[in-house]
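J.: Got a sequence here, can you build the structure:
(2 chains)
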Amino acid sequence: MTVDQEFSRLEDHRLAVGRGRFHESVRRADLAHLRVVRSAVAHGRLDGVDVAEAAAVPGVLGVFTAADLPDGPPIPARQPSPGIDFTPYLQPPLAREWVRHVGEPVAFVVAEDAYVAEDAARLVDVAISELPPVLDARRADGTTVESLAGVPARVGTIDTGYGDVAGAFDQAATVVELELDTGRHSAMPLENRGLTVGFDHDTERLVVWGAAKVPFWNRNVIARYLGVPDDRLHMRESDVGGSFGIRGELYAEDLLTVWAASRLRRTIRWVEDREEHLLAANHARQQHHRVRAAFTPEGRMTALDDEAWLDTGAYIRTHGAVVAALTAGMFAGPYRVPAFRSQVHLVVTNKMGVGTYRAPGRFQNNAAREHLMDLAASRLGLSPEEVRLRNLPTGEETPDARPMRIFGAPMLLDGGDHHGHVTKALATVGWDTWTARAGRARSEGRAVGVGMAAILEKAGLGHENAVVSVDTSGGVRVAVGSTSVGQGAETVLAIAAAEVLGVPPQAVRVVLSDTDTLHDGGGTFASRTTVVAGTAVHQAAEQVRDRAARTAARILQAEPEDVVVRDGFAASRHAPKRQLPLGALAQAAAAPGFLRPGEEPGLIARSTFSAPTMTYPPGVHFAEVEVDTDIGEVRVTRYAVTYEIGRTMHEGMARGQVTGGVAQGIGGALYEDLPYDADGVPLVRSQRDYRVPLARDLPDIEVHLFEDVPAPGNPLGVRGVGEAGIAGAGAAVMNAVRDALQLTAPLPRLPLTQATVLRAIRDRDAPAR
Amino acid sequence: MTTDTSTAAARRDTLARPVDQDPADPSGPWDETASRPTVNGTARDVREEPRRLLVDALRKDFGVTTTATSCSDGVCGTCTVLVDGDPVRSCLMLVHEADGRTVRTAEDVLASEPGLSGIFSRHHAIQCGFCTPGYLVLATAMIEAGDPVSDRTLREIVSDNICRCTGYGPIVAAFREIAQVHGLWEDAE
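T.: Got it, this is the predicted structure:
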């Protein structure tokens, strides 16, 4: 049965009417507020923390330092990386001996009132003997770090590839190379980080509102830290104001807030302000790439070689080496690359730690590789689209397993005909008209340019658990380990169950990531919810439907395969008028006579889906820009994305994922950066200084979702869409600006701030040396 | 290695907000002051420190849940409310400044303009929903101002607030439909 896909999202029934379940809406009579005292110094020895004055402020319930906390482990890395020991680089929840970045938690205050907590936090006296900060990953590479027990600044290297790279460069007709810096961004979700943690005096359990992304893993880590069983914590499903990868990763503040609730036996709320968010929520992106490619005279790439430094900040965050692994592993993008090497060095500095932000690694590697492709086109005398087409695998060449692994899994290009996708994309957006329009504008003296980026995306990773059940009233419930991070997970998972059970999605209640409902769950990241959780739900719903059909068949004295389940009823196709409601079947299915040995009573099924490998869909980004050459300002005037989605579960939501991603990507391409001064003090301390795109900064974004190649690895055929819109945005905008300015040289960095653009114009116009 | 605790202390101060009163001294000049704003149709006496922001008082004293803080700097518009009919950043206004004035939040505008929710939902103008109350208030301000709007002016209105999820196109489309429903749409441009 097909489901009307354009119904409103289930989430909207509360979010559109002001009833969002954000943690700050939780009311508790015993609510107290937590405020973190942070290091104002980038790097130094922590000589002492004097809390006496703060503790004396009326209304303060307690002021705590590392000395008060359990001598527990540091914040762990969730994903190990073979060959790299993260242990020396992990962050303690509160600084003990050293501070390693501005904003690092040093102490915290709990008070009856949030304002009082902030006042008192100001009175905590932190004595620090300063050390020189380390602010450049490349320069730090090769040094050791006194404040991390003398370990090397280089945490490790992700080194991947295959083939004879050196030989290919020796024989190359043309070699192109460039260096590219990508700025330090963050996702800037509108809701600041925060948690509300209640203490249940009856059960001594801790109830956590506001958890996101990976609540099960976070619950377990927090429980370990407190030294209590996992079950002592109950992570409740919540609405959150955006994640984009950065919310829900376990932060020091999460541990502190839960610990405080446990210690004070009260409800504790921690809400950071935006300045704290800028200082201490995961940063992302900052890399330096040195890349070269070898070509034959016909423009066929024979080798691609990249070396990059990832400024991973003060500590290794929960992601471990995920950003580096995706940067290196997917550097080749969609192309046919006979010899390939990509190395990413993770180097610690004295800035905020870096984590995953929507399309981690790909925003950067697409920019470096696709800018290189444009540079190659110039050198080879080919058009940008032609040099790409000559190097894209066709349908005959795919599926193709690259002789390398990502996260230990094989890299199987399952996205079908990449050459065909780009050919279709060029025709769909009318690329000829874009280039013609830009050419005309330039002939009128305007700096208009167009750029494209061919990308390889990835989606679906790991496992997810689902329980689908029908209760005796006929109500359908889906419980999944995924969380809502504002992307509409509830709706898409309701569709996955509804289309199997023949009910409207609105009739399905979805319970997301309630740790009391499920034993275990994966979480929401890596464009995986539809692929992995959707499949788990689909499979469980199929079992429930089959069980309903089998139960009905016995009652109706029909064959199970003749029973149709639809609209909340089951009936034999030979006697459609005799309809059994699902609720009655749920009752019957619990009766002893209907149960097979060992079967769980009722209409209930559990399913786990483990993605054997990620799915790798193709996409293309197209941008048109106009540059104001007097002030270096870039305006994106037209934007289009094509993407192989496999199968669309909900058109409006899928498009929304792409357009929202493009907007964030344009922000990353043009404005967003988190620079530090020479003392390691962040220069961006307010949203005023972190410019994100506004409605007036963006054109209407064209989205073309292709459903040509259903994903072979899951029964829904879906490929995930969360990161498609941002992954190629830096690349396409950069290529468009280079075209607009008719540069022969590459651009050196993202974001393309006015200063960077003006410098590029000046270099272009400088007399040849 | 340098030893310079005084610099560290000075830097720490730059992290903190300026406070005019010694917070350890509750008897200082920051006694609670009384004010009587009318919030969503109900006038109520509140006693708060004069520094209490309107956004915080709305939640603390008036049970409002839709109005939320994000940037605290008047940039993002998440906390937008109507004060005597004008859209105002409630993170930039003190509660006592609302004394005797009428404040309306998304709770109220949804009661007076119940059609807005469906329009936002239909256009997929909601993803995480955190910016939605601010945009609902902004849309109400547009309706009540009654000025004709075009695509360009709509983009300017929507640019008052920040959304990090949608890329704005769906929100502009929702505003366009709202303008059309209320006879404010002029498409001649």
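J.: Can you pull out the low-pLDDT segments for chain B?
T.: In the predicted model, chain B carries pLDDT under 70 at residues B:1-30, B:188-189.
J.: Strands along that one, start to end?
T.: Taking DSSP state E as the criterion, chain B carries its strands at B:33-35, B:38-39, B:42-43, B:46-48, B:80-83, B:86-89, B:102-104.
J.: gap between the last one and the chain center?
T.: The offset between the C-alpha centroid of strand B:102-104 and the centroid of the whole chain comes to 11 Å, using CA atoms, centre = their mean, to the nearest Å.
J.: So in that sheet, which strands flank it, and in what orientation?
T.: strand B:38-39 (parallel), strand B:80-83 (antiparallel) (DSSP bridges).
J.: of these, which approaches A:Gly460 most closely?
T.: With CB to CB, the closest approach to A:Gly460 among the strands paired with strand B:102-104 belongs to strand B:80-83: 38.2 Å. From N, CA and C alone the C-beta is placed, and that goes for glycine too.
J.: hmm, who's touching the closest one?
T.: By CB atoms under 8 Å, 6 or more residues apart in numbering or on different chains, the residues outside strand B:80-83 that reach it are B:54-55, B:58, B:67, B:87-90, B:93, B:98, B:101-105, B:109, B:133-134, B:137-138, B:140-141, B:144, B:160-161.
J.: re earlier: which one of the strands paired with strand B:102-104 lies nearest to A:Trp431?
T.: Of the strands paired with strand B:102-104, nearest to A:Trp431 by CB to CB is strand B:80-83, at 40.5 Å.
J.: domains in chain B, as residue ranges please.
T.: Domain assignment for chain B by automatic domain parsing gives B:31-105, B:109-181.
J.: Let me have those in JSON lines, extended by mean neighbour count.
T.: Formatted as JSON lines, the domains of chain B follow (neighbours: other CB atoms under 10 Å in any protein chain shown):
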{"stretch": "domain B:31-105", "mean neighbour count": "20"}
{"stretch": "domain B:109-181", "mean neighbour count": "22"}
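J.: Is it possible to get CSV of the ones you listed that adds distance to A:Ser147?
T.: Listed next are those as CSV, based on distance: least, CB to CB, whole Å:
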stretch, distance to A:Ser147
domain B:31-105, 32
domain B:109-181, 34
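J.: closest one to A:Pro601 among those?
T.: Among these, the nearest to A:Pro601 by CB to CB is domain B:109-181 (37.9 Å).
J.: Just the terminal-to-terminal distance for stretch A:26-41.
T.: 35 Å (CA to CA, to the nearest Å).
J.: What of stretch A:427-435?
T.: Stretch A:427-435: ends 13 Å apart by CA to CA.
J.: average pLDDT for that stretch?
T.: Throughout stretch A:427-435, pLDDT has a mean value of 98.
J.: Tally up the residues packed near the residue of the stretch 301-450 of chain A found nearest chain B, please.
T.: The stretch 301-450 of chain A approaches chain B most closely through A:Arg358 (10.5 Å), counting by CB to the nearest CB. Per other CB atoms under 10 Å in any protein chain shown, the neighbour tally for A:Arg358 reads 27.
J.: returning to that earlier point: save the strands of chain B as TSV, and put in distance to A:Ala549 too.
T.: Formatted as TSV, the strands of chain B follow (distance: least, CB to CB, whole Å):
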stretch	distance to A:Ala549
strand B:33-35	65
strand B:38-39	55
strand B:42-43	55
strand B:46-48	61
strand B:80-83	52
strand B:86-89	56
strand B:102-104	53
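J.: Nearest to A:Gly242, out of those strands?
T.: Here strand B:80-83 is closest among these (CB to CB), at 17.7 Å.
J.: Now the closest one - C-alpha only, PDB.
T.: Once non-C-alpha atoms are left out, strand B:80-83 reads as follows in PDB (Å, rounded to 0.1, in the frame of the first residue of the first chain):
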ATOM      1  CA  THR B  80      10.400  37.500  19.300                       C
ATOM      2  CA  VAL B  81       7.100  38.600  21.000                       C
ATOM      3  CA  LEU B  82       4.700  41.400  20.200                       C
ATOM      4  CA  VAL B  83       4.900  44.300  22.700                       C
END
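J.: just checking, A:Gln506 touches A:Leu10?
T.: Yes. The pair A:Gln506 / A:Leu10 is scored as a contact, 6.8 Å apart, by CB atoms under 8 Å.
J.: Which neighbours do those two have in common?
T.: Residues touching both A:Gln506 and A:Leu10 (CB under 8 Å, 6+ apart) are A:Ala494.
J.: which one of those two has more residues nearby?
T.: Under the neighbour definition other CB under 10 Å, A:Gln506 and A:Leu10 were set side by side, and A:Leu10 has more, 21 against 13.
J.: Phi first, then psi, for B:Gly41.
T.: Note on B:Gly41: its backbone torsions stand at phi 90, psi -10 [degrees, to the nearest 10].
J.: how many neighbours does the spatially closest residue to it that is not a sequence neighbour have?
T.: Nearest non-adjacent residue to B:Gly41, counting by CB to CB, 6 or more residues apart in numbering or on different chains: B:Asp108, 6.7 Å away. Around B:Asp108 there are 22 other residues, counting by other CB under 10 Å.
J.: And the residue of chain B that's closest to chain A?
T.: B:Cys128 (2.5 Å).
J.: if I look at that residue, how far off is A:Gly486?
T.: According to CB to CB, to the nearest Å, B:Cys128 and A:Gly486 sit 2 Å apart.
J.: any residues in contact with both of those two?
T.: Taking CB under 8 Å, 6+ apart as the contact rule, B:Cys128 and A:Gly486 both touch A:Pro189, A:Asp239, A:Val240, A:Gly241, A:Gly242, B:Cys165.
J.: which non-adjacent residue is nearest the fourth one?
T.: The spatially closest residue to A:Gly241, leaving aside those adjacent along the chain, is A:Glu191, at 2.5 Å (CB to CB, 6+ apart).
J.: for that neighbour, what are its contacts?
T.: Going by CB under 8 Å, 6+ apart, A:Glu191 touches A:Phe22, A:Val240, A:Gly241, A:Gly242, A:Arg247, B:Ala68, B:Ser70, B:Cys128, B:Phe130.
J.: residue contacts, the last one?
T.: The neighbours of B:Phe130, taking CB under 8 Å, 6+ apart as the test, are A:Gly20, A:Phe22, A:Pro189, A:Leu190, A:Glu191, A:Val240, A:Gly241, A:Gly242, A:Gly486, B:Ala68, B:Ser70, B:Thr78.
J.: and those residues as a markdown table, adding distance to A:Gly568 and secondary structure?
T.: Shown next, in a markdown table, are the contacts of B:Phe130 (distance: CB to CB, whole Å; DSSP: H, G, I helix; E, B strand; the rest coil):
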| residue | distance to A:Gly568 | secondary structure |
| --- | --- | --- |
| A:Gly20 | 29 | coil |
| A:Phe22 | 33 | coil |
| A:Pro189 | 38 | coil |
| A:Leu190 | 38 | coil |
| A:Glu191 | 37 | coil |
| A:Val240 | 32 | coil |
| A:Gly241 | 35 | coil |
| A:Gly242 | 35 | coil |
| A:Gly486 | 30 | coil |
| B:Ala68 | 38 | coil |
| B:Ser70 | 42 | coil |
| B:Thr78 | 40 | coil |
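J.: CSV please, covering the residues you listed and showing distance to A:Glu397.
T.: Converted to CSV, the contacts of B:Phe130 look like this (distance: CB to CB, whole Å):
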residue, distance to A:Glu397
A:Gly20, 48
A:Phe22, 48
A:Pro189, 40
A:Leu190, 44
A:Glu191, 45
A:Val240, 42
A:Gly241, 43
A:Gly242, 39
A:Gly486, 38
B:Ala68, 51
B:Ser70, 48
B:Thr78, 49
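J.: By pLDDT, give me the weakest of those residues.
T.: A:Gly486 (87).
J.: Just the pLDDT for the residue in the stretch 51-200 of chain A positioned nearest to chain B.
T.: Nearest residue of the stretch 51-200 of chain A to chain B: A:Asp119, at 3.3 Å (CB to the nearest CB). A:Asp119 carries a pLDDT score of 95 in this model.
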